[in-house]
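> need a 3D model of the following:
(chains A and B, ligands or ions: 2)
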Amino acid sequence: MPILEIDDVSVTYGSTRRLARRIGTSHVAVDHVSLQVERGQIVGVVGESGSGKSSLAKAVVGLVEPTSGEIRLSGQVIPSKRPRAVRRRMQMVFQDPSSALNPALTVGKVIVELLEIDGMGRSAARSRAVDLIDMVGLPASALDVRPGSLSGGQRQRASIARALATNPEVIVADEPTSALDVSVQATVLNLLRDFTESLGLGVLFITHDLGVVRRLCDDVAVMQKGCIVEHGRTTSIFDSPADSYTKQLLASIPTIG
Amino acid sequence: MSDMTANLSTGEVVASTRTPASRLGYRIGLAIVGVAVVLAVVGPFVVAHDPYQQELMNRLAPPSGEHWLGTDALGRDVFSRLVVATRVDLGVGILGALLPFLLGTILGCVAAYFGSIWDVIVMRLTDLVLAFPVYILIITLIAVGGSGIKTLLIAFTGVGWVGYARLVRSVVLRVKNEDYISAARLGGVSHGRIMVRHLLPNVIRSSLTLLVTDVMFVLLGLASFSYLGLGIQPPTPDWGAMIADAQPYMQQQWWLIAAPGAMVALVGSGLMLIGERLDDRTY
Ligand SMILES: Nc1ncnc2c1ncn2[C@@H]1O[C@H](COP(=O)(O)OP(=O)(O)O)[C@@H](O)[C@H]1O
Ligand SMILES: [Mg+2]
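Ligands and ions are numbered 1, 2, ... in the order given. Presented below is the predicted three-dimensional model:
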């Protein structure tokens, strides 16, 4: 059974107001999308800016409410008002390293806070936080600084540590490396790959970078204007794309690697 | 792997707009306010005379070794009264700024964070307060509640929270959409905790500046109302009332009016200098 099932999900902005719908300011950002992610698998969602990738990501983790469809986690349908425990089973890694971590709090405080919600005591939480920060390749001292003293790559690592703090089954990563230098991107991507396998996570990986998709993703879905136009194994799509939009995208990657 | 070796302890270098002049002003401000605070806290315990003790045989005495600032029309030691007045005025001034700061910060935060009906209610309330001229509102409240510290505090709070509420609301509206707030929600952090722990630390800085300048305005307002007999009631000493009491003797015993007048001016300017510097730092 897939760990994450996205079944016919749509997101429409401005739809709660009848007037907005009448005069046409409501806007379909995600249009009846269905996808599955297996345990230990990374599924890429690729598409140009504005194609609805972030909206899909937010709908999956529950930051926006889908206007139709349902999301299942290990076969269980997730209610539209998510209880705290359900919310914690899916975590997100965000795109912008400068907004992903609270500038007023140390990394350690943020992680310890999430651990304590599980009922962990202060010192157990602290030592678990040290483990987590070590897992993402940062020194324990990174827990005691505010994100202002960390580089972009370090912040994304810290964000991954925070995402892992709730022991999630699914991680949604919304362009986690697109704000990083190419040299730093690789280390963050390797980290995600390692955790997917070692922790048995299901990862929905959102990107506009087909090069990253080829390196990282088992499956890929190509998104255009809110719809999925092609979906399958990464290798087969790269070898023989069926959709014309996909062919166009593939033609646009530089052929170095 | 350059991100692993980057030094964790180096903070970002923030471009400085501080001039030596503003730094000097800030230090002077700190020194003045610092002295006033020390005077307010320890002064009343160490002054030689009872500020309430009348000595009718020794009225309007000039400054001397015994009475540093002479005695007033009732023969009370002016220096002791000035010291106790500093405690009263600073205390009420700080409280009169803190209460609206707290109320405004909470209401602004709730309005912006929860939005919809909360926002509408709080914003309509601020409109309502802003629609009235401040001093008319305060005088009306005094007319209803009677003069005295309690009424003044209620009046300052009722008027003063609006500035904080609007400021905090605008900052929270911006900050609440940051990814780290979403991350906290996903991690199961409650709304209350998000407001207190994740939003407020980012918000409080901008309203602290307002708080310091507000202490100044409340202090001046308090002195004015006490001067008019609407604020702190006799025999409790206070700068405004001391100025009013000293007025008939301005020609001969000028120090009676100069001393409390200088305190108002000095502490007021000191607070303004500190506030200006904090203002530079926030933006
Ligand atoms: N909060 C929002 N309110 C209204 N429209 C939005 C909102 N967020 C995104 N959109 C719109 O939805 C569309 C998809 O945006 P997004 O999901 O961010 O795409 P992507 O991440 O692929 O760039 C865009 O046209 C965008 O303008
Ligand atoms: Mg996006």
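
> list the contacts of the helix or strand harbouring B:Ala246.
Element membership for B:Ala246, per DSSP states H and E: helix B:239-246. With CB atoms under 8 Å, 6 or more residues apart in numbering or on different chains as the test, helix B:239-246 has contacts from B:72-73, B:78, B:81-82, B:85-86, B:89, B:222-229, B:231-232, B:234, B:253, B:256-257, B:259-261, B:263-264. Where you see a C-beta, it was placed from the backbone N, CA and C, and this is true even at glycine.

> isn't A:Arg157 right up against A:Pro139?
No - using CB atoms under 8 Å as the test, A:Arg157 is too far from A:Pro139 to be in contact (10.9 Å).

> so which of the two has more stuff around it?
For the pair A:Arg157 and A:Pro139, the greater number of neighbours falls to A:Arg157 (26 against 12), based on other CB atoms under 10 Å in any protein chain shown.

> from A:Val203, how far off is the more buried one?
16 Å (CB to CB, to the nearest Å).

> so which strand or helix has A:Ile171?
strand A:170-174.

> number of residues surrounding residue 225?
You didn't pick a chain, so chain A it is. Look at A:Lys225: counted by other CB under 10 Å, it has 14 neighbours.

> that's the wrong chain, I wanted chain B
The burial count for B:Phe225: 24, using other CB under 10 Å.

> picking up where we left off before, on contacts alone, who are the packing partners of the strand holding A:Ile171?
Judged by 3 or more CB pairs under 8 Å, 6 or more residues apart in numbering or on different chains; DSSP states H and E, the packing partners of strand A:170-174 are helix A:53-61, strand A:90-93, helix A:182-199, strand A:202-207.

> if we go to 6 Å?
Counting contacts by 3 or more CB pairs under 6 Å, 6 or more residues apart in numbering or on different chains; DSSP states H and E, strand A:170-174 packs against helix A:53-61, strand A:90-93, strand A:202-207.

> please enumerate residues in contact with the longest one?
To tie it back to what came earlier, the one meant is helix A:53-61. Contacts of helix A:53-61 with the rest of the structure, by CB atoms under 6 Å, 6 or more residues apart in numbering or on different chains, involve A:9, A:11, A:29-30, A:33, A:45, A:47, A:64, A:66, A:90, A:92, A:172, A:174, A:206, A:223, B:186.

> could I get that helix in CSV with only the CA atoms?
The C-alpha coordinates for helix A:53-61 follow below in CSV (Å, rounded to 0.1, in the frame of the first residue of the first chain):
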residue,chain,number,x,y,z
LYS,A,53,3.4,22.8,-7.3
SER,A,54,3.6,24.7,-4.0
SER,A,55,-0.2,24.7,-3.8
LEU,A,56,-0.2,21.0,-4.2
ALA,A,57,2.5,20.7,-1.5
LYS,A,58,0.5,22.8,0.9
ALA,A,59,-2.6,20.9,0.3
VAL,A,60,-0.9,17.6,1.0
VAL,A,61,0.5,18.7,4.4
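
> if you count neighbours, what's buried in the helix or strand just after it?
The helix or strand immediately downstream of helix A:53-61 is strand A:68-73, counting by DSSP H and E. For strand A:68-73, burial by neighbour count (16 or more other CB atoms under 10 Å in any protein chain shown) applies to A:69, A:71-73.

> in its sheet, which strands sit next to strand A:68-73, and in what direction?
Sheet pairing of strand A:68-73 (DSSP bridges) gives strand A:4-13 (antiparallel), strand A:76-77 (antiparallel).

> tell me which of those strands is the most buried.
Among the strands paired with strand A:68-73, ranked by average contacts under mean count of other CB atoms under 10 Å in any protein chain shown, first place goes to strand A:4-13 (a mean of 20).

> wait, isn't A:Met223 in contact with A:Gly47?
Yes - at 3.5 Å, A:Met223 counts as touching A:Gly47 under the criterion of CB atoms under 6 Å.

> those two: which has the busier surroundings?
Neighbour count, other CB under 10 Å: between A:Met223 and A:Gly47, A:Met223 has more, with 26 against 23.

> any idea of the mean pLDDT in stretch A:118-129?
In this model, stretch A:118-129 has a mean pLDDT of 93.

> list the buried ones in that stretch?
For stretch A:118-129, a neighbour-count test (16+ other CB under 10 Å) marks A:120, A:125-126, A:128-129 as buried.

> any idea how far B:Val37 is from B:Leu211?
The spacing between B:Leu211 and B:Val37, counted by CB to CB, is 15 Å.

> closest to ligand 1 out of the strands paired with strand A:68-73?
Closest to ligand 1 of these is strand A:4-13 (CB to the nearest ligand atom; 3.4 Å).

> what angle sits between the closest one and strand A:170-174?
Put simply, strand A:4-13 runs at 40 degrees to strand A:170-174, going by axes from the mean of the first three to the mean of the last three CA atoms, to 10 degrees.
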